[in-house]
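Engineer: when you get a sec, could you give me coordinates for this:
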Amino acid sequence: MATSRKLLSVLAGCALALLAPAAASAQSPNNDPPAPVAYASVSELNSILAQVRDVAHSIDGDLAKTRVDKWKADAATKRDAQGNVESIRRNVQTALPEILTQLNNAPEDLAASFKLYRNLDALFDVFGPVAESAGAFGSKDEYQNLSNDLNALQSARHALGERMQNLAASKESELARLRNQIKTLQAATPPAPPKKVIVDDTEPPKKPAKKKATKPVAPPAPANPQSAPPAK
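Structural biologist: Sure, this is the predicted structure:
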């Protein structure tokens with residue numbers, strides 16, 4: 001029975017760990033090391049991360065060669081496009097590499113995966129109009145290069161989205177299995193006998209109160225007798 005209870009405690013702890021959100025913050029040095037990740041999962045992630053790094057490098061290089069100032073567009077259009085170009089390059093040079101490192105250190109962390117997906121999604125939303133503007137106002141080579149980068153970015157985002165969906169389904173299946181095991185152990189383990197609590201509600205006999213001795217009251221002094229009349 002002790003073994004069953006110990007296993008029940010372990011399974012409950014695993015279930016709580018799966019239910020808790022996976023934070024992207026670093027773990028304390030005193031924490032236990034994370035469980036090993038399957039080789040297939042790591043291999044799949046490495047392929048996606050390599051794809052993202054390649055497209056980020058290509059986007060940065062092609063935007064560096066894009067001459068927005070030479071576009072056949074008005075000043076406002078050029079200013080907006082140039083601002084987007086600078087924003088995209090800052091992202092792929094600084095923010096994106098940090099996110100990739102976080103996910104590489106925690107391959108099956110859903111929070112880190114979603115952080116990368118959200119960043120790729122934001123890049124796609126900003127980079128798309130830049131590529132379209134290059135097609136409308138820039139050179140043919142600029143548009144072709146940026147269009148290829150946009151398609152590669154979309155492919156990487158799609159691959160990451162499919163991985164996240166499969167990973168979430170796997171975690172949910174594992175959580176359901178642990179819940180079923182906990183229920184089975186709870187049903188098989190007899191409840192601990194209730195503790196007996198003895199309450200002594202008998203009161204000790206009260207001692208009779210001692211009566212105070214009363215002092216005798218002295219009788220009142222007799223009144224002075226009247227003087228007898230003198231004898232005749």
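Engineer: this structure: strands as residue ranges?
Structural biologist: Assigned by DSSP state E, the chain shows no strands.
Engineer: ok, Lys70 - contacts?
Structural biologist: Listed by Cβ atoms under 8 Å, 6 or more residues apart in numbering, the contact set of Lys70 reads Gly138, Ser139. Using the backbone N, CA and C atoms, a C-beta is placed for each residue, glycine as well.
Engineer: again, only using 10 Å
Structural biologist: Residues in contact with Lys70 (Cβ atoms under 10 Å, 6 or more residues apart in numbering) are Lys78, Phe137, Gly138, Ser139, Glu142.
Engineer: tell me which two in these are the farthest apart.
Structural biologist: Lys78 and Ser139 (14.4 Å; Cβ to Cβ).
Engineer: what about Gly161, how many residues nearby?
Structural biologist: 15 (other Cβ atoms under 10 Å).
Engineer: looking at it, it is touching Tyr117, isn't it?
Structural biologist: Yes: counting by Cβ atoms under 10 Å, Gly161 touches Tyr117, with 6.2 Å between them.
Engineer: all helices of this structure, in order?
Structural biologist: Secondary structure of the chain (DSSP state H): helices at 2-19, 39-65, 75-90, 96-105, 110-137, 140-188.
Engineer: deepest of those, which one?
Structural biologist: Greatest average neighbour count among the helices of the chain goes to helix 110-137 (a mean of 18), per mean count of other Cβ atoms under 10 Å.
Engineer: for the residue nearest to Asp54 when sequence neighbours are not counted, give me the pLDDT.
Structural biologist: Leaving aside its chain neighbours, Asp54 sits nearest to Ala152 (7.4 Å; criterion: Cβ to Cβ, 6 or more residues apart in numbering). Per-residue confidence (pLDDT) for Ala152: 98.
Engineer: and Ser170, how far from Gln51?
Structural biologist: 21 Å (Cβ to Cβ, to the nearest Å).
Engineer: ok, Lys196 next?
Structural biologist: Distance, Lys196 to Gln51, by Cβ to Cβ: 67 Å.
Engineer: what sits against the residue nearest to Asp54?
Structural biologist: So Ala152 contacts Gln51, Val52, Asp54, Val55, Ala56, Ser58, Ile59 (Cβ under 10 Å, 6+ apart).
Engineer: check Arg163 too.
Structural biologist: Ser41, Glu44, Leu45, Ser47, Ile48, Pro107, Glu108, Ser113, Tyr117.
Engineer: and Leu120, by the same measure?
Structural biologist: 52, 55-56, 91, 96, 99, 127, 153-154, 156-158, 160-161.
Engineer: where does the protein dip in pLDDT?
Structural biologist: Low-confidence segments of the chain (pLDDT under 70): 1-35, 199-232.
Engineer: repeat the analysis, applying 90 as the threshold.
Structural biologist: Low-confidence segments of the chain (pLDDT under 90): 1-40, 168-232.
Engineer: if we can go back for a sec, looking at the contacts of Lys70, spot the one nearest Asn148.
Structural biologist: Closest to Asn148, out of all of the contacts of Lys70 and judged by Cβ to Cβ, is Glu142, at 11.2 Å.
Engineer: how about the contacts of Arg163 in CSV, adding distance to Ala187?
Structural biologist: Listed next are these as CSV, based on distance: Cβ to Cβ, whole Å:
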residue, distance to Ala187
Ser41, 33
Glu44, 38
Leu45, 39
Ser47, 44
Ile48, 42
Pro107, 36
Glu108, 31
Ser113, 36
Tyr117, 40
